[in-house]
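J.: Task: produce atomic coordinates for the following.
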Amino acid sequence: MALRDPSDKVLLRMEARRFAGRCDAQVSLIERADTLREVSRLATLINLPYSIAEEDTARDALRVMRMRAEDRARELIQEQIQNFLRAEENQREKQKRAMIDAWTNLTGPLGHLRTWAQNKLNAAGQQTG
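T.: Residues are numbered from 1 along each chain as shown. Take a look at the predicted model:
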């Protein structure tokens, strides 16, 4: 598309707004997700189309969606660690394996949270002695 044509610019802006609307809807789904697998799936489901990659509206919407997915994943990980700390001693190893297994679902833009989660778990384990 020639960007000198005003109608093409309007079409690109309209497409960027439509993409931003999809991202907003995705944020709503992410906020309701209750597993790390679901959050990770929802965070990687939408990709920025090349045709609107230069539009600030679209890039901002994608950034907000991914930030909210990261926040939700952190919340779920914190919840898992709290449940681990409250568990009886004989159940902790089983819960630890389940948590580490759940963390393998953190891929794509959330992949860096695996290391963060492991560090949080190690710190929590040191606090309990």
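J.: Check which residues of the helix or strand residue 8 falls within are buried.
T.: Using DSSP states H and E, the element containing residue 8 is helix 6-32. Neighbour-count burial for helix 6-32, with 16 or more other CB atoms under 10 Å as criterion, is recorded at 12, 15, 16, 19, 20, 22, 23, 26, 27, 30. C-beta here means a position set from N, CA and C on the backbone, and glycine is covered the same way.
J.: Tell me the spacing between the fifth one and residue 123.
T.: What it means is residue 20. Using CB to CB, to the nearest Å, we find residue 20 at a distance of 38 Å from residue 123.
J.: before we move on, what about the third one?
T.: In this view, residue 16 and residue 123 are 42 Å apart by CB to CB.
J.: same thing with the last one?
T.: With the distance defined as CB to CB, residue 30 ends up 26 Å from residue 123.
J.: Find the least confident helix or strand in the chain, judged by mean pLDDT.
T.: Least confident element among the helices and strands of the chain, by mean pLDDT, DSSP states H and E: helix 113-128 (a mean of 90).
J.: ok now stretch 24-32, how far from the chain's centre?
T.: For stretch 24-32, the separation from the chain centroid amounts to 10 Å (computed by CA atoms, centre = their mean, to the nearest Å).
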